[in-house]
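Student: Just a sequence and a predicted model for now, questions to come.
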There are 4 protein chains.
Amino acid sequence: MTSLGIGLIGTGYMGKCHALAWNAVAAVFGDVARPRLAVLAEHSQELADRKARELGFERATGDWRSLVTDPAVDVVSVTTPNAFHPEMAIAALEAGKHLWCEKPMAVRLEDAERMLAAARAYGKVAALGYNYIQNPIVRLIRRLLDEGRIGDVNHVRLEMDEDFMADPEALFTWKSEASSGHGALDDFGVHPLSLVQALFGGVRRVCGHMAKPYADRPVEGGARRPVETYDIASVLMELENGASGVMALNRSAWGRKGRIALQLFGHKGSIVYDQERMNEVQLYTAEGAQETQGFRTILAAPHHPPYDRFIPAPGHGLGFNDLKIIECRELIRRIGGEAAHLITFEDGIRIERTVDAIARSAHEGRWVEVTGG
Amino acid sequence: MTSLGIGLIGTGYMGKCHALAWNAVAAVFGDVARPRLAVLAEHSQELADRKARELGFERATGDWRSLVTDPAVDVVSVTTPNAFHPEMAIAALEAGKHLWCEKPMAVRLEDAERMLAAARAYGKVAALGYNYIQNPIVRLIRRLLDEGRIGDVNHVRLEMDEDFMADPEALFTWKSEASSGHGALDDFGVHPLSLVQALFGGVRRVCGHMAKPYADRPVEGGARRPVETYDIASVLMELENGASGVMALNRSAWGRKGRIALQLFGHKGSIVYDQERMNEVQLYTAEGAQETQGFRTILAAPHHPPYDRFIPAPGHGLGFNDLKIIECRELIRRIGGEAAHLITFEDGIRIERTVDAIARSAHEGRWVEVTGG
Amino acid sequence: MTSLGIGLIGTGYMGKCHALAWNAVAAVFGDVARPRLAVLAEHSQELADRKARELGFERATGDWRSLVTDPAVDVVSVTTPNAFHPEMAIAALEAGKHLWCEKPMAVRLEDAERMLAAARAYGKVAALGYNYIQNPIVRLIRRLLDEGRIGDVNHVRLEMDEDFMADPEALFTWKSEASSGHGALDDFGVHPLSLVQALFGGVRRVCGHMAKPYADRPVEGGARRPVETYDIASVLMELENGASGVMALNRSAWGRKGRIALQLFGHKGSIVYDQERMNEVQLYTAEGAQETQGFRTILAAPHHPPYDRFIPAPGHGLGFNDLKIIECRELIRRIGGEAAHLITFEDGIRIERTVDAIARSAHEGRWVEVTGG
Amino acid sequence: MTSLGIGLIGTGYMGKCHALAWNAVAAVFGDVARPRLAVLAEHSQELADRKARELGFERATGDWRSLVTDPAVDVVSVTTPNAFHPEMAIAALEAGKHLWCEKPMAVRLEDAERMLAAARAYGKVAALGYNYIQNPIVRLIRRLLDEGRIGDVNHVRLEMDEDFMADPEALFTWKSEASSGHGALDDFGVHPLSLVQALFGGVRRVCGHMAKPYADRPVEGGARRPVETYDIASVLMELENGASGVMALNRSAWGRKGRIALQLFGHKGSIVYDQERMNEVQLYTAEGAQETQGFRTILAAPHHPPYDRFIPAPGHGLGFNDLKIIECRELIRRIGGEAAHLITFEDGIRIERTVDAIARSAHEGRWVEVTGG
């Protein structure tokens, strides 16, 4: 186990999350070398210095380009706003670094395709930050599916809802500008689609609908500005495995804080999951006496690896940040040449293409095939 | 209060439910005259005799036509399989009787339109059995909407799921024959659509998708027969009030027994409901201190009329059959010329037209307008 | 099947509930003769007349003594306040009537013992209104216990909570007077104890504690009067089967409306139940792969008799009033000489003795044996 | 902010948990100096070496006594089995180190009293590992109580249940030996009692009952050995604030994995919490229109500090290990002379005395005063 040198670009929500993961991964797992937290980049040297001190990085820079070429850096964490991903990711790959880029790949599909091309060209690991698939409970779901516990899945329902855009009197921000993307679809939809990707493999055809709950929002000074993005998206889907599906997304859903809900129906049973209660899953199997069949609530436990690396007792609960630690270890293993459970650029591009197909479908009011599956 | 004479056609699931309601309505409400349970019709005199004895009807007949013209009958309950509704309903209306017909109106839209024409022509009350809208909790939802507690509703999600078609090895029955209708869509979809009707008023445009979880089913003797109906239906919708919507239906959903789930999102809050826990509703309002906002579980109680007519204590729970008693009282009031909360043929036809539009949309793979709203 | 003539004394909460049950029992079950609703007694002829009309009784009287001796009456429903039970019950038994008396038997144990003596002396069926044990879900629990699904039960937790006494500024009523009894203990405790009786058979030793959440309450005019009863009671128990137990009762528990919660722990599994969700039960069995063990939520369904007599579809839900209909049918069967699931005076006296032992224990601050088990 | 040197004794369940906390605390909070992970002690040099490498400690030793006197160590984490706590804790305090000792203080009360005396004598911070009180949701509960949101609390119910002793055929271990303590009471009860301590301040009188679900357990070879400890404990309590209480503990409760359930009843509302869903709490307040009152589910969010230091988005969930990070930061602040939310030996001794009083009460079958509050 040789120790990896880490470069971190960005220290916001996900930047801190990456830093915590790099800090913790060796102690939690005990089977990977402790990474060296080499360089941290922020948009000013001053901020970078302060954050490096807090987050435990050795050096700091106000110039991310110097980070990606720094010889002490083996892996670059890109956690900046989505618009910056393509340039940074491609620069890091060109510099021969492994990459851990937050989702989604890019705002525009063509940029994501360029990123994929760079990953292919330079041959390094290019992983995306899709941490929800790392939840031991989601791994349990995959295992239950693999073992045929609910049989062949024929119908899937996906929901993702939060309420950070729910207040109609909240000031107009960049999230309501068309340049930020489509809205809930790409801001959100990539998460449930990553679960589809991890559990079933992909989407074949889509028919989308996008809606604006609020036509305009206030700006400073009292005027109102028309909203350009869609806080709500609803999708009919046909998956590659033949199952029918529905996906509903709403970032103006009052009361929902981190809901990512799955309902999976198979010919022998069903599975129901909600990320807001991320340490449990509901399983129904049509087995045994009918009078005692029911959805059972399974609590996360050591026999759901790698929960055991965090806590030796069942039902005590992992947190959101723990998922990133798991993802971090998968990345380290992949870099070390081992099999790992990750969404790489090769997988991620399919998510981006699905998003793109849904958006086109919604604008054109018709079914659209997802290309290049 | 003059006592109404009741004729009941059919004594299956819904027939018994009607009979229980006619038996109980006066004692529960105390404000309607006790109906006379006059005549019961079944397909044989013998069965009719037995059922009349059990269910408390004075007379019995093996000929439903004699029932609808019987002078002792003022109201006819039609609870036979859907295919019989048009003929029986129209005959009863022609005979000058009030009508309480189980949903849906008919298998084919043109028959439903004929039924509506008859209701209009003969001027009697023609009500449909959409009992879920009678739940005091659903009435509370309507009241919360009317009072603006969650503001303008901009997004709606509807689900209805049961599992009586979930076993792929269950024998092929008439439910899998095309002559029975589309499948989950008309078998099920009319229930959530009745809630849309009661809460919001109607649907403007739809885009549907229907799926067969199982291509074929076994028949006696070991062979398999192709399934002709769709046990799964998924729909994108635009409501007349401008809200976007999603409706998902699955009668092969293992573990779901009577799920009719609503999620209503407004600009000030949200409401979540599931018929499997029919005595409670979740309400979220973006009011008060943020740190104590949350979905609150409201239990059915006497201050949610007409719960109070059943039980004077809160949280003790009504049952499915109680909803029919409430519907029965609404019908009696309407017959008496009072305002009542009912889905009549005038309202019901909009549900049928929506179903028809969804089916056409699914077959043609495109958005369809709901006509004649 | 000969038809029983019914006399009903009292038309309040439970009186109406009895009336609804007598009205419905034949139609629901189809295997008992339709009772004749013969005579209804209230404290005035006028009220009795009105209630008889509403509830479907043939005759009315302002004199309950005439009812209990009326030759048309075979069974007397006693649903008056607890203080009247002994006199009315004993009079009815003396008159040779069967008796259906609401719980508890009496305010004072010696009165209950007299009632039992009368029941023994006159040889008629003397049943108590303990409807919660009639819930098909509670019957399922008993069956699961009988089948050993959770093994030998070694620990039991019982809770009953409502909030009708929770407001400290609600006016002083008779419920706060010592003459009404101990407080939550006898007002409430008899319900969970009826479940203990039905599921396990009885209690051997108790150690109780009773508390007053509010020392006084306002009376009309602005003064305050000391509260004499205990709205909270907590009990340690040893059951006759050797299990240890805890019972907690609170009628000033804000937010609880009809909570009767059971937690049953056995050497092979556990069962959890809450009357506020009376159509479901949680079952955990230590069977199969550990990684998919969990509490399963079983929804009431036709394979949980006699749910099937109400509704042929699973998960649609019975209501509180339906439990009384089931109890009514059990009573009719018992009167007809059949085995029936009922709490008779013979069983009920053990509940009363347990209550008495708990009250003595609480006052004396020590463990007390339940006598005369 | 000067950096503290850390010594860790023990690397089991809690040892790793401490190590993760020391690793993460600076990066999570950004307001404390990054600790130096100086020395780790295990029972052999070899194991210590391996664990030091995994957990990121600079040095390792097989001799814990050398650790507690090591000049590089400022704080000693004691995470060994309970029987070792007194000797190690007192040695560390004598050596002038701050102490972070896992709960409970000791197996025997007299040892705990000696530990307290040492802490007082040497004047260093002596904190106990009671991490559940650090949950932002528990802090929210305390704040709601302080703000009077549910008014004066008059009744409290506490439950703690797990199932690691539930299998009667699991081999006899030290947990069933009397030398390990009383059983569930001290193994478990200290956790809910720590919540009582943090929320209400202490317990005045107790009446306990302890039970053995299984009389004996198998030993290697096939024989059976009598169980000496009590896996079940039930307690009636009077709190110092005058509230009545019930505490029920069961470490043989099949299906419970990490349940620590609170029910707090006040004169204006109620609070319900369960550690198995540690990111949510139920709050009922008797405010506003009755028809929309209900228990609301509040999800952990950034406005519940210090959740915000982990995740800037609501509803995403902390994990069990995060609680120890919070506790670690409180400890560092206390060492730095700041106010902190911790259970020190001064508070912890009250928990131990309560446990001792309960055990005596159970053995003597009577109420016992908690001494030296």
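Tutor: Perfect, I can see it now. From a predicted model like this one, the values you see are computed outputs, not experimental measurements.
Student: Show residues contacting the lowest-mean-pLDDT helix or strand in chain A.
Tutor: Scoring the helices and strands of chain A by mean pLDDT, DSSP states H and E places helix A:184-188 at the bottom, with a mean of 93. Outside helix A:184-188, the residues that touch it by CB atoms under 8 Å, 6 or more residues apart in numbering or on different chains are A:104, A:107, A:160, A:162, A:175, A:180-181, A:208, A:210, A:230-233, A:249-251, A:355, A:358-359, A:362. Glycine gets a C-beta too; all of them are placed from N, C-alpha and C.
Student: Now do the helices in chain A.
Tutor: A:13-29, A:45-55, A:64-68, A:85-94, A:109-122, A:136-146, A:184-188, A:190-199, A:307-310, A:320-335, A:345-364 (DSSP state H).
Student: May I have the predicted confidence score for the residue lying closest to A:Val156 once chain neighbours are set aside?
Tutor: Closest residue in space to A:Val156, ignoring its immediate chain neighbours: A:Gly245 at 4.1 Å, by CB to CB, 6 or more residues apart in numbering or on different chains. Per-residue confidence (pLDDT) for A:Gly245: 98.
Student: Was I right to think A:Ile345 contacts A:Ala119?
Tutor: Not Ile; residue A:345 is Phe. Yes. Counting by CB atoms under 8 Å, A:Phe345 touches A:Ala119, with 4.3 Å between them.
Student: Quickly list what's touching both of those two.
Tutor: A:Ala126.
Student: Any figure for the gap between A:Asn250 and C:Pro136?
Tutor: Using CB to CB, to the nearest Å, we find A:Asn250 at a distance of 38 Å from C:Pro136.
Student: To clarify, my last question referred to A:Ser194.
Tutor: From A:Ser194 to C:Pro136 the distance is 43 Å (CB to CB).
Student: repeat for A:Glu159
Tutor: In terms of CB to CB, A:Glu159 sits 33 Å off from C:Pro136.
Student: I'd like the average pLDDT over stretch A:248-256.
Tutor: 98.
Student: and A:Ala106, how many neighbours?
Tutor: 24 (other CB atoms under 10 Å in any protein chain shown).
Student: which ones are touching it?
Tutor: A:Ala106 touches A:Asn82, A:His85, A:Pro86, A:Ala112, A:Met115, A:Glu352, counting by CB under 8 Å, 6+ apart.
Student: Reformat those residues as CSV; add distance to chain C and pLDDT.
Tutor: Shown next, in CSV, are those (distance: CB to the nearest CB, whole Å; pLDDT from 0 to 100):
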residue, distance to chain C, pLDDT
A:Asn82, 37, 93
A:His85, 37, 97
A:Pro86, 41, 97
A:Ala112, 37, 97
A:Met115, 37, 98
A:Glu352, 34, 97
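Student: Pass me the low-pLDDT residue ranges in the stretch 1-150 of chain A, would you?
Tutor: A:1 (pLDDT under 70).
Student: Next one: the closest residue to A:Pro218 other than its chain neighbours relative to A:Gly183, how far apart?
Tutor: Distances taken as CB to CB, 6+ apart place A:Arg224 nearest to A:Pro218, at 5.4 Å, with adjacent residues excluded. Going from A:Arg224 to A:Gly183 by CB to CB gives 18 Å.
Student: Just want to know which of the two has more residues nearby.
Tutor: Higher neighbour count among A:Arg224 and A:Gly183: A:Gly183, with 27 against 13, using other CB under 10 Å.
Student: what sits against the more buried one?
Tutor: So A:Gly183 contacts A:Lys175, A:Met210, A:Lys212, A:Thr229, A:Tyr230, A:Asp231, A:Ile232, A:Ala233, A:Arg251 (CB under 8 Å, 6+ apart).
Student: one more time with 7 Å
Tutor: A:Met210, A:Thr229, A:Tyr230, A:Asp231, A:Ala233 (CB atoms under 7 Å, 6 or more residues apart in numbering or on different chains).
Student: A:Ile351 too?
Tutor: Taking CB under 7 Å, 6+ apart, one finds A:Val190, A:Leu193, A:Ser194, A:Gln197 in contact with A:Ile351.
Student: Compare those residues and tell me which is most surrounded.
Tutor: Ranking the contacts of A:Ile351 using other CB under 10 Å puts A:Leu193 first, with 30 neighbours.
Student: so how far is chain D from that one?
Tutor: 19 Å (CB to the nearest CB, to the nearest Å).
Student: And that residue, how far from A:Ser270?
Tutor: Taking CB to CB, one finds A:Leu193 at 21 Å from A:Ser270.
Student: Next: A:Arg256.
Tutor: 22 Å.
Student: same check, this time on A:Val227
Tutor: In terms of CB to CB, A:Val227 sits 37 Å off from A:Ser270.
Student: Tell me the residues on chain A that lie near chain C, please.
Tutor: Contacts of chain A with chain C, taken as CB under 7 Å from any CB of the partner chain, map to A:140, A:283, A:290-292, A:294-299, A:303-304.
Student: Now restrict these to buried residues only.
Tutor: Taking 16 or more other CB atoms under 10 Å in any protein chain shown as the criterion, what is buried in those is A:Leu140, A:Leu283, A:Glu291, A:Thr292, A:Gly294, A:Phe295, A:Arg296, A:Thr297, A:Ile298, A:Leu299, A:His304.
Student: What sits closest to A:Phe57 if chain neighbours are left out?
Tutor: Closest to A:Phe57 by CB to CB, 6+ apart is A:Leu40, at 4.0 Å.
Student: For the one you found, list each beta-bridge partner.
Tutor: A:Leu8, A:Ala60 (DSSP bridges).
Student: hang on, the earlier thing: buried members of the contacts of A:Gly183 into ChimeraX, please.
Tutor: Remark: buried members of the contacts of A:Gly183, expressed as a ChimeraX selection using 16+ other CB under 10 Å:
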select /A:210,229,230,231,233
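Student: Could you work out the most separated pair of the contacts of A:Gly183?
Tutor: Farthest pair in those (CB to CB) is A:Thr229 and A:Ala233. Separation: 10.1 Å.
Student: Next one: the closest residue to A:Ser244 other than its chain neighbours, what pLDDT does it get?
Tutor: The spatial neighbour of A:Ser244 that comes closest, neighbours along the chain excluded (CB to CB, 6+ apart), is B:Ala211 at 3.8 Å. B:Ala211 is assigned 98 on the pLDDT scale.
Student: picking that back up, mark which of the buried ones among the residues of chain A next to chain C are part of strands, please.
Tutor: A:Leu283, A:Phe295, A:Arg296, A:Thr297, A:Ile298, A:Leu299 (DSSP state E).
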